[in-house]
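1. show me how the following folds:
(chains A and B)
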Amino acid sequence: MSSVPLLSLLVFVPWAGALVLACLPGLGRRALRILALGFSLSTLVLALASLGSFDRASTGYQFVERHAWIPSLGVHYHLGMDGLSLLLVLLTGLLAPAGLLASWRQERDARFFNLLYLLLQGAAVGVFLALDFFHWFIFWELSLIPAYFLIRLWGGPAASRAAYQFVIYTIGGSAFLLLGFAAIFAATGALDFEALSRMGADGTLAAKLAALGGWWPQAVFLGVFLGFAVKVPLYPFHTWLPLAYAEAPTGVSMFLTGVMSKMGVYGFLRILWPLFPGPLHAAAVPLLWLALGGAVLGAFAAMRQTDLKRMVAYSSVNHLSYCLLALFAVCAATGRPHPTSEAAAAALSGTLLQLFNHGLSAGALFYCVGMLEARSGGRRGIGDFGGVRTAAPVFAGLCGIAMFSSLGLPGLNGFIGEFLIFRGVWGLVPWAAAVACLGLFATAFFLLTFWQRVFHGPRSGAASGVFADASRLDLAVLLPLVALMFLLGVLPQLLTGLFNPLITSWANHMPLP
Amino acid sequence: MPPSLETLWLVPALPLLAASLGALTPRGGRRFSAGVAIAAMAGALLLSCLALRAALLDPSAHLVHNFRWFDLGNGAVELGWLLDPLSALMCVMVSLVGLLIFIFSLGYMCEDENFTRFFCFMSLFAAAMLGVVIANSLLLLFISWELVGLASYLLIGFWFHKPAAAAAAKKAFITTRIGDLGLLLGLVWLYDSTGSLLLYDGGNGVLEAGVLGNLGTMALAGGLAVPTAISLLIFCGAAGKSGQFPLHVWLPDAMEGPTPVSALIHAATMVAAGVFLIARVFPLISYDQALAADPLHALTVVAAIGAVTALLGAAIATAQSDLKRVLAFSTISQLGYMMLALGVGSWVAAIFHLLTHAFFKALLFLAAGSVIHAAHHEQDIRRLGGLGRTMRTTYATFAVGMMALSGVPFLFSGFWSKEAVLHAASEWAVSQLPLYAGLVGVVLTAFYMTRLLCEVFWGPARSPEAAHARENTGVITVPLVILAIGSVGLGFLGTPAWPWLESALTGRPVAPRSLLEGGGLMALSIVLVAAGLGAGWALYGRKVRVSADAKDPFSAAAPRLFGFLGARMRLDELYAATLGRLNTLGAALADFMDRWVWGGAVGFLALLGEFTGSVNSEVDESGLNAGFNSASERIRGAGRAYSGAQSGDAQGYLRTVAVAFVVLALLVLLGGGR
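-> Residues are numbered from 1 along each chain as shown, chains lettered A, B, ... in the order given. Predicted structure coming up:
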């Protein structure tokens, strides 16, 4: 192993960038943007560099950095990367610079904007790499503060309410999470995820929590669960999301949906599932219903939205609910004999693909709505446009590709993840897969309605006058995303190759309740 | 591995390449885009012919090439392609008909500003359809299947500035997607039960005896065999794509697309994909025939739906006044015949009818396109008329297509393929109802085609557009002539006296029978065709309409029936009033839940919080939320310091979290107790 602390660099280079921006107040707007973009690109560059020496056959953590930090509490500075982390770091590396580019024309207080953005990016990468609860939680909470200010200060008319609701809701969830971990620490004296996972798998953790007596075991589980459920969000903890996503500036919406929503699912996969296999198994049926609520009601609610950004936000509720649906189906079926492991492998692979693909497609869609806003003086109602395809054919084509990727058209990236989720969930809990189909139908319905109303028909509304086609900046943001949609649609092996051994080991050694 | 198998993937890949090149060509590159598309189709046709020759060397073999797509768990997801007479014949048909329609489009679309894009989409369609045909994996088939749907969506909405075209495109995509969801569930079920989606895989494919045998031993709670359930789900997809009742409603609206699109996609090839799919998985879908305990056989459902569709489509076609819509309903009806043939167990008859229909229906649509092109986009048959004199080639070829579709005896291909379908239906042990439906359909078909021919080509020109119509150039008429030759000649591939097609498709030598085998049935259907032609002539030919406003004789005789059929049996209205409303209701409910139930809980708790707070802030502060309130206050303070103004109600939000916590606790306890 090389001596370069690759993972620390991944986390801290964006923060160093923020520091540099803070220390150079005299920088011109253009210079600071280029500087920020450079720091933002570091995540992608370093993640690609790690790909070179990443052992694809291994299921353990790689590039591990572990140093004693607070010996009295047994806290370590512990970073590590496996297929799941690598996937999400790659996604962050792709979407963070895209979001910054999308904010290129952000004129007001550009330095502070870029600074906060880099802080947010570093914190998100930290969440995906930290393996000790102590600093993992710091990253988790630190991501909220820049996000709050980014929404609050640069957002739309209702931004203050949106940002406030967002931060209170998530901090509320995190508070339960923190209490839960405090209890875990009290019971076990451990905060390291690896150690806790082992205890979760062999039942020690459950036994130690049970020793606390009373309703403590359930409360601890619920506390940790709630922290993640709000973050994803799981129905019905999602009401903060449409408002926050809709009011945030375009680049921040891209980051929120592309990266921050993944933090919640990551928490489910990395922390909740390994630590609490028993309670998750016991609660699986009601949880499946909640995931179905998100998948179906989220999509139907999207149909009703007239604000395009809210519509795309609801489609995120729908897409992420499929991820949780797959995980809960796996939890529900844990303990059943062999053939289940094939279905579980499919469901979990689908979940990971869906995380990545949703980041690409939702990010692109938010950008497209942003383009509409930028060309119409901030209008983004579904009835405010018409015939945009006539006015801006290139833009229409790119937006159409993002849209079909989002509705899971085969040949584009979204399909494989959804297919594998359905294949897995059908094998584990067939009725849930059948109900979830309604969500697929509704997604096609509202996305095509969006497309028909905005892009087709005669030119009208904001598109009746001058309406510029995609600029070079727009192409710089959208083309890489669209190219990846095609590439990953045809060659999913590029992604599954990174995590298949990991998924297989999860599916073969599912923690028994 | 024979070379034709190795290069079979090029058959769809060539048009796909043409589509990608077309997509990157700027609007001005008309010649390039069209040239590449036509060259690619010609190449695909050549390769298909070579593949057909190779497949016929050993018709009973299924030559496959499978490959790993991506790793999944301990195994991998595999895809592959398949060469057998069925796939090769379909390849030849799709690429030949496609090539002719591409050439026709050179003339038909020459004035369209999006000419370049048109050839790009058409190539994409051809690639996807050829992908469906050669797939040896149901997953690859599904992928291509959805891409066919996409191409159809893009082409129906090709004139997207027209709101009707945009709406029709969406309707087509959504309606077929409903069927496709059934197909998707069928596939995942099959995948889960068998561990594979490959059709043929050296004994491990889902159409092979060993795998089917295992599948057959499983049954559901209601006694329904698992193969039956899977087959019915797969049939949902086929019904959507092939315009079978009750999912047929999108097909007539699809006529909003340019006429070559209607010819290629909504008559000759794409809509046949459903029929092809059922023929392809016939070993699976017919497997439950052997299971005596099964309460329902999948093929019975297929036959019933096919018979209903055949009859319904033909009946509605008699009362349409739009040239293309008559043909659209006739397509629905003919697809019903094909499904009927599949349902009664003769997939060979279905494929025979599919092939002949592809030729004569493409011919009819292109001839209609020739008329529409000449008459300046007038396609109301009441306002046409008299074109037989001015457009002789179009008239002659249309007449050939009309006689083939009506089943005029002996010379025309439609006669032989339709006889094969009816013959199969007469031998079905379960019921004779599909046969009777088919026979009634024969009369109706001959009737509405006669009506169409008389209205369009006979009598005086009834509008300035029709009066000015002149015959089109060779680029339009030559494809018509070639298709007309096919519409006559193709029938002789499958006559009882020389059942070449049956032996080629099944790989078993089939003994020639008497040309007039089943003579009674054949005589009956000839009489019925004559009756239909005669009735049509009596109503529309003897005394041709003189003006566009003159009342339709059928309408004069039975105004209410004519109105009912003309309004497509009001099925669209019925769906709008039921399913459409249900959908809107679902959306309203989901939105209501968010705004009022969950959002209302937030608001209510905020109010409650304020009230409690005002009564006794002490209790509140030392209550459940103490820690979070102070945390939220800190954030709130930061926000206030920065912006100077702040609104919101921390207590309310925190309370929502707390309430959700309690609700979840209850859910978990209840769920855990089970």
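2. quick one: contacts for the residue of the stretch 151-300 of chain B found nearest chain A?
-> When scored by Cβ to the nearest Cβ, the stretch 151-300 of chain B has B:Ala166 as its residue closest to chain A, at 3.6 Å. Where C-beta positions appear, they are placed from N, C-alpha and C, glycine not excepted. For B:Ala166, the contacting residues are A:Gln452, A:His456, A:Gly457, B:Gly157, B:Phe160, by Cβ atoms under 8 Å, 6 or more residues apart in numbering or on different chains.
3. and the least confident of the residues you listed?
-> Scanning those for pLDDT, the low point is A:Gly457. It has 83.
4. in the chain, where is pLDDT below threshold?
-> Let's take chain A. Applying pLDDT under 70 to chain A flags residues A:1-2, A:335-339, A:510-513.
5. um, chain B though
-> Short version for chain B, where the test is pLDDT under 70: B:1, B:221, B:497, B:515-517, B:602-603, B:605-606, B:609-610, B:612-674.
6. circling back: the residue of the stretch 151-300 of chain B closest to chain A sits in which helix or strand?
-> Under the criterion of DSSP states H and E, B:Ala166 resides in helix B:163-194.
7. gap between that helix and the chain center?
-> Relative to its chain's centre, helix B:163-194 lies at 10 Å (Cα atoms, centre = their mean, to the nearest Å).
8. dump the very next helix or strand once past it to CSV, restricted to CA.
-> Using DSSP H and E, the next helix or strand after helix B:163-194 towards the C-terminus is helix B:209-216. Extracted in CSV, the C-alpha atoms of helix B:209-216 (Å, rounded to 0.1, in the frame of the first residue of the first chain):
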residue,chain,number,x,y,z
ALA,B,209,-37.9,-29.3,-21.5
GLY,B,210,-35.9,-29.7,-18.3
VAL,B,211,-36.6,-26.2,-17.0
LEU,B,212,-40.2,-26.3,-18.1
GLY,B,213,-40.7,-29.6,-16.3
ASN,B,214,-39.4,-28.1,-13.0
LEU,B,215,-41.6,-25.1,-13.5
GLY,B,216,-44.7,-27.2,-14.1
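9. do helix B:209-216 and chain A meet?
-> No. On the criterion Cβ under 8 Å from any Cβ of the partner chain, helix B:209-216 is out of touch with chain A, staying 12.5 Å away.
10. list the helices and strands that helix packs on?
-> When contacts are defined as 3 or more Cβ pairs under 8 Å, 6 or more residues apart in numbering or on different chains; DSSP states H and E, helix B:209-216 packs onto helix B:163-194, helix B:226-241.
11. show me where chain B has strands.
-> B:63-72, B:75-83 (DSSP state E).
12. no wait, chain A
-> Under DSSP E, chain A gives strands at A:62-70, A:75-81, A:385-386, A:460-461.
13. what residue lies at the spatial centre of chain B?
-> B:Lys241 (2.3 Å; Cα atoms, centre = their mean).
14. for that residue, which non-adjacent residue is closest in space?
-> B:Gly274 (4.0 Å; Cβ to Cβ, 6 or more residues apart in numbering or on different chains).
15. which residues touch the one you found?
-> When contacts are counted by Cβ under 8 Å, 6+ apart, B:Gly274 touches B:Gly237, B:Ala238, B:Ala239, B:Gly240, B:Lys241, B:Ser242, B:Gly243, B:Gln244, B:Leu335, B:Met339.
16. sorry, back to before: what about the helices and strands packed on helix B:209-216, which gets the closest to A:Phe446?
-> helix B:163-194 (10.6 Å; Cβ to Cβ).
17. got the angle between that closest one and strand B:75-83?
-> 120 degrees (axes from the mean of the first three to the mean of the last three Cα atoms, to 10 degrees).
18. list the buried residues in helix B:163-194.
-> Within helix B:163-194, the residues scored as buried using 16 or more other Cβ atoms under 10 Å in any protein chain shown are B:165-194.
19. follow-up on the earlier one: what distance do you get for the residue of the stretch 151-300 of chain B closest to chain A to A:Gly156?
-> Distance check for B:Ala166 against A:Gly156: by Cβ to Cβ, to the nearest Å, it reads 29 Å.
20. try B:Leu296
-> Distance from B:Leu296 to A:Gly156, counting by Cβ to Cβ: 56 Å.
21. do A:Thr257 as well
-> 16 Å.
22. in terms of neighbours, single out the busier of the two.
-> A:Thr257 (29 against 17; other Cβ atoms under 10 Å in any protein chain shown).
23. quick one, what contacts the residue nearest to that one when sequence neighbours are not counted?
-> Setting aside the residues directly before and after it, A:Thr257 is nearest to A:Ala362 in space (Cβ to Cβ, 6+ apart), at 4.5 Å. Contact partners of A:Ala362, counting by Cβ under 8 Å, 6+ apart, are A:Met254, A:Thr257, A:Gly258, A:Val312, A:Ser315, A:Ser316, A:His319, A:Ser406.
24. need the contact list for the third one.
-> When contacts are counted by Cβ under 8 Å, 6+ apart, A:Gly258 is found next to A:Leu91, A:Thr92, A:Leu95, A:Gly99, A:His358, A:Gly359, A:Leu360, A:Ala362, A:Gly363.
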